[in-house]
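Colleague: No sequence on hand, only this structure:
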Ligand SMILES: [Zn+2]
C-alpha cells in the first residue's frame, strides 16, 4: 500500500455516485453572528462560510468559525488566524469522499495546530493564544480547541454539550500531572510572605493555561495539541456558542443560552456579551460567536429555536453537567438525538496521529504527518519512536514525522531541553 493510496485518481463515476448518495441529503442552513467588547485588543475571530472540500463544487461547502484569545501580545493570535485553517486543510488528503473527509478531520486538526505552533515559534515571538475552531459540514460539527475559550452546543431537543475541554491548570488535574511529568512546575503566585495567591500557573512564565499556540518562552510542555470532539446533530439542528473566557467567567452555560433564546445569532451574541460585561465589568476581551444550524425551512428569522417553556428547559435527566469535565456520563435509557462520533483530548502525538483502518490508508506514507513535507523513503521517523528507548519500535510503524517534527514531539513530551 506504500505511498500510493492518497495519490489515486477517483473515477468520475465514483465521484458522481458519492455526491448523489452522500450530498443530496438535506443540508442545514448555517447562520452566524458575533459580538465583542475589547479591553486589550487580543481577541480575534475568523468566519469562512463558503469553504469547498472540492474546489469549484458548491455542494461540498463547509463552514469554519474560529476564536483566538491572545495573551502577552496579539502576534500568536493573528498568526493563527492567518495560517491555522490552511494548515488544517493541507493535512487532509485530497480526493476523499465526504464521509472520509469528516473521518480524517480529527487527525488533520491535530496536525494543523501543531504545525501552526511550530511555524510560529520559529519566528520567535513571545505571545500565545487560545484557539477554538469549529467546522460545520452539514449536520456534522467538529470542534478543536486549546486553552480556555469554550464552545457549547444546545441541540434543538434541549440537550447541552461541551464541545471543548478546559485547559486551565486550575481545573484540569490531568494536565497538571502531564506538565509536572514533562518537567514543568505548577503552582500559585507566591507573594514572598509564604502566602500563595491566584490560580494555578505553570512556571517559569506564570501561564494559567496548559495548552496554547505560541508561548515559546513558557516551555514546550505547553502544547498545541487540541482537544477534538465531533458530533452529528439531528436534522432538527441546534445552536453553538463559542466564547472567550471573558464570557465564561461571568456566565454559566445555562445563563448564556437562556439570556438570548429566540434571538437571531447576531442579537444573541450581542446579548451574551452585554450580560457578561454587566456582571463582571469589562475586565478582559469579551467575544462571542453564535452559530445556528437550522433545518432549511426554519431558516427564517421569525421562527425562534424550538423551546417548550422558560422553566425546566434543560431536560433534568438528559442534560450534561456544565461543571463536569467528563463528557461520558450518558444516560442509557433515552436515545440521544446528538450522535457523539469522536472525542480525544490526549496530548500524545503518537496517539492523536494514529488513525484506524481504513482512515490511516488515506494519509500518504511519505509525507510528514504534521508539517506535510515530503520525505524520502527511510527518512521519516515513526511517531511511536522514542529516542530514549531505541529499538523498541518497528521502523515501518507509521505514521511518520520528519526529523524536525520528531524533535518538536519529543520536546513537547519533555524529552528534550527546550
Ligand atoms: Zn514535519
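Modeller: Nice, I can see it. No experiment lies behind these values; they were computed from the predicted model shown.
Colleague: Going by C-alpha atoms from here, please, whenever you check contacts or count neighbours.
Modeller: Will do.
Colleague: Enumerate the residues of the protein near the ion.
Modeller: Within the chain, the positions adjacent to the ion are 368, 371, 402, 405 by Cα under 5 Å from the ion.
Colleague: could those residues go into TSV alongside neighbour count?
Modeller: Shown next, in TSV, are the residues of the chain next to the ion (neighbours: other Cα atoms under 10 Å):
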residue	neighbour count
368	27
371	23
402	24
405	21
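Colleague: other SSEs contacting the helix ranked longest in the chain?
Modeller: Longest among the helix segments of the chain by residue count, using DSSP state H, is helix 98-122. In terms of contacts (3 or more Cα pairs under 8 Å, 6 or more residues apart in numbering; DSSP states H and E), helix 98-122 is packed against helix 75-90, strand 140-146, strand 213-214, strand 227-232.
Colleague: Quick check: the gap between the closest residue in space to residue 70 that isn't next to it in sequence and residue 93.
Modeller: In space, and not counting its chain neighbours, residue 70 is closest to residue 129: 3.9 Å by Cα to Cα, 6 or more residues apart in numbering. Distance, residue 129 to residue 93, by Cα to Cα, to the nearest Å: 27 Å.
Colleague: same deal with residue 413?
Modeller: The gap separating residue 413 from residue 93 is 27 Å, by Cα to Cα.
Colleague: how far away is residue 346 from the ion?
Modeller: As judged by Cα to the ion, to the nearest Å, residue 346 and the ion stand 20 Å apart.
Colleague: Return the residues in contact with whatever residue of the stretch 1-150 of the chain ends up closest to the ion.
Modeller: As assessed by Cα to the ion, the ion sits closest to residue 115 within the stretch 1-150 of the chain, at 7.8 Å. Contacts for residue 115 (Cα atoms under 8 Å, 6 or more residues apart in numbering) come out as 87, 370-371.
Colleague: one more time with 10 Å
Modeller: Going by Cα atoms under 10 Å, 6 or more residues apart in numbering, residue 115 touches 83-84, 87-88, 91, 109, 121, 213, 224-225, 369-372, 405, 408.
Colleague: And for residue 31?
Modeller: 49, 63, 239, 264-266, 290-294, 299, 301.
Colleague: Return the set of residues that bridge with it.
Modeller: Residue 31 has these beta-bridge partners by DSSP bridges: residue 292.
Colleague: and it, how far is that from residue 365?
Modeller: Between residue 31 and residue 365 the distance is 38 Å, computed by Cα to Cα.
Colleague: pretty sure residue 129 is touching residue 120, no?
Modeller: No - counting by Cα atoms under 10 Å, residue 129 stays clear of residue 120, with 11.1 Å between them.
Colleague: Between these two, which contacts overlap?
Modeller: Taking Cα under 10 Å, 6+ apart as the criterion, residue 129 and residue 120 both touch 75-76, 79-80, 213-215.
Colleague: Give me the number of neighbouring residues for the residue lying closest to residue 107 once chain neighbours are set aside.
Modeller: Distance criterion Cα to Cα, 6+ apart; nearest residue to residue 107, sequence neighbours excluded, is residue 353 at 5.5 Å. Applying other Cα atoms under 10 Å, we find 22 residues neighbouring residue 353.
Colleague: Torsion angles phi and psi at residue 353?
Modeller: Main-chain dihedrals, residue 353, degrees, to the nearest 10: phi -90, psi -10.
Colleague: quick one: contacts for residue 101?
Modeller: The contact partners of residue 101, by Cα under 10 Å, 6+ apart, come to 53, 92-95, 108, 359, 362.
Colleague: tell me the pLDDT at it?
Modeller: Note on residue 101: pLDDT of 95.
Colleague: Residue 91 versus that one, what's the distance?
Modeller: Using Cα to Cα, residue 101 is found at 11 Å from residue 91.
Colleague: can I see the domain layout of the chain?
Modeller: 27-167+209-349, 364-418 (automatic domain parsing).
Colleague: Present the ones you listed as TSV; the columns should include distance to residue 200.
Modeller: Shown next, in TSV, are these (distance: least, Cα to Cα, whole Å):
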stretch	distance to residue 200
domain 27-167+209-349	9
domain 364-418	20
